[in-house]
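Q: kindly return the folded structure for what I paste below:
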Amino acid sequence: MDFEFRRAREKLEKDQRERKERAKLKLERERKAKEEAVRQRQAIEEAQRERRLVAAEAEAKANQLAEESLLAGRGVNFCRILEAVPYEGSGDKIKLPPSCFTELSEQGAFDKGPLHFSLSVIHQEAPLGADSAKKELLRKTHAGVLEFTADEGFVALPVHCWSNLFPATLSSAMVEVRYVWLPKGTYAKLQSVELGFSDIPNHKAVLETALRQHATLSQGDMLTVNHGVLTYHLRVLELKPSSSISVLETDIEVDIMGPESAERANQHVLKPLILGKPESGVVDEGNYMYYKFSIDDDTWNKISSKDAKFVVNLESQTQHGDID
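A: Residues are numbered from 1 along each chain as shown. Here you go, the predicted structure:
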């Protein structure tokens, strides 16, 4: 009897312990479920707050960019992301699609004088549909416009703009084209990369002729100047009154600096010759030697009036020499 009573009591106590344990586990599960629900709700609320902050920042940035565009464009807000393609043209005049003409015309841009644009390379890793505030801008220059005949979605860049924006190996890229107002330039400091540019007779007139193909200059740009068979590159070091200027219908004071190093290999230099004095030298095969003559006014007048002739005689002192 006592044995059966003891077994019944032990069974009852075991059942009670198991019920308590199950109740405890149930409470623990409910507690964890509530904590997880709170955590998930907090995560959702945090994500929503983050999205609201990002959206607010993006909206603020977009508004800021719009205000900056209006300020930079003197009331004209024009900005396009276009695929750049090169074309063989002189100067800095780009070709835009016809729709750009319509948009600019509707905002009265043509009534404000010559059109100028800033050109900025869009980082290729940024998705095309991304917010413009998050797109990384790389190299930048400025340009005028030649015509509105480019295909929709494209902007055609002349050699000057292309070389100042992209590596030589790049075939296409996305460019931000933004209308801007530029002040008329008053001063420019340029530095020739090659030797001999300052030795060109009336070299500033040569530079002026090259600049007639341009609407703008930007600090840091490389300007290409052709003179006969020679090509010179001039880096834009300083501009006034702004780091980007208009060169249309303005007189600009220009200072031209020599190259940083006077000893550069394979550079074409105009070597001065004295009339009546022979000059000798050796030029390796595949290379060239360039000369210039300084002629006084009296001699030039005689040549112009055909009272004198100007004769250059080239001779080779070796059997296999070439003088062409």
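Q: let me see the ranges of the helices in the stretch 101-250 of the chain.
A: Applying DSSP state H, counting those that start in this stretch to the stretch 101-250 of the chain gives helices spanning 159-165, 203-211.
Q: buried residues in the first one?
A: Within helix 159-165, the residues that qualify as buried are 160-165, counting by 16 or more other Cβ atoms under 10 Å. All C-beta spots, glycine's among them, are computed from the backbone N, C-alpha and C.
Q: what of stretch 188-205?
A: For stretch 188-205, burial by neighbour count (16+ other Cβ under 10 Å) applies to 188-192, 194-197, 200, 203.
Q: what's the end-to-end length of it?
A: Start-to-end span of stretch 188-205 (Cα to Cα, to the nearest Å) is 15 Å.
Q: tell me what the lengthiest helix in the chain is packed against?
A: Ranked by residue count and defined by DSSP state H, the top helix of the chain is helix 2-72. Counting by 3 or more Cβ pairs under 8 Å, 6 or more residues apart in numbering; DSSP states H and E, the packing neighbours recorded for helix 2-72 are strand 173-180.
Q: using CSV, list the CA coordinates for the strand it packs on.
A: The C-alpha trace of strand 173-180 is given here as CSV (Å, rounded to 0.1, in the frame of the first residue of the first chain):
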residue,chain,number,x,y,z
ALA,A,173,31.4,57.4,-72.3
MET,A,174,28.5,59.2,-70.6
VAL,A,175,28.9,63.0,-70.2
GLU,A,176,26.9,65.5,-68.2
VAL,A,177,26.2,68.6,-70.4
ARG,A,178,25.1,71.6,-68.4
TYR,A,179,24.4,75.1,-69.6
VAL,A,180,26.5,77.7,-67.8
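Q: that older thread, quick check, nearest of the buried residues of stretch 188-205 to Ile252?
A: Closest to Ile252 out of those is Ala188 (5.4 Å), distances taken as Cβ to Cβ.
Q: surely that closest one and Ser243 touch.
A: No. Ala188 is beyond contact range of Ser243, at 11.2 Å (criterion: Cβ atoms under 8 Å).
Q: now render the buried residues of helix 159-165 as TSV, adding distance to Val180 and pLDDT.
A: Below are the buried residues of helix 159-165 laid out as TSV (distance: Cβ to Cβ, whole Å; pLDDT from 0 to 100):
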residue	distance to Val180	pLDDT
His160	17	95
Cys161	15	95
Trp162	19	94
Ser163	21	92
Asn164	16	94
Leu165	16	93
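Q: mind putting those in CSV, distance to Val177 included?
A: Below are the buried residues of helix 159-165 laid out as CSV (distance: Cβ to Cβ, whole Å):
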residue, distance to Val177
His160, 16
Cys161, 11
Trp162, 14
Ser163, 17
Asn164, 15
Leu165, 11
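Q: spell out which residues are contacts of both of Ala188 and Ser243.
A: Common contact partners of Ala188 and Ser243 (Cβ atoms under 8 Å, 6 or more residues apart in numbering): none.
Q: strands of the stretch 151-300 of the chain, start to end?
A: 154-157, 173-180, 187-192, 216-218, 222-227, 230-240, 244-246, 253-257, 270-273, 290-293 (DSSP state E, counting those that start in this stretch).
Q: can you tell me which of these is nearest to Lys11?
A: Minimum separation from Lys11 across these (Cβ to Cβ) falls at strand 173-180, 80.3 Å.
Q: and Gly153, backbone torsions?
A: phi 90, psi 0 (degrees, to the nearest 10).
Q: surely it and Leu96 touch.
A: No. Judged on Cβ under 8 Å, Gly153 makes no contact with Leu96 at a distance of 10.9 Å.
Q: need the residues touching each of the two.
A: Leu82.
Q: and these two? which has more neighbours close in?
A: The residue with more neighbours, out of Gly153 and Leu96, is Leu96; 26 against 11, by other Cβ atoms under 10 Å.
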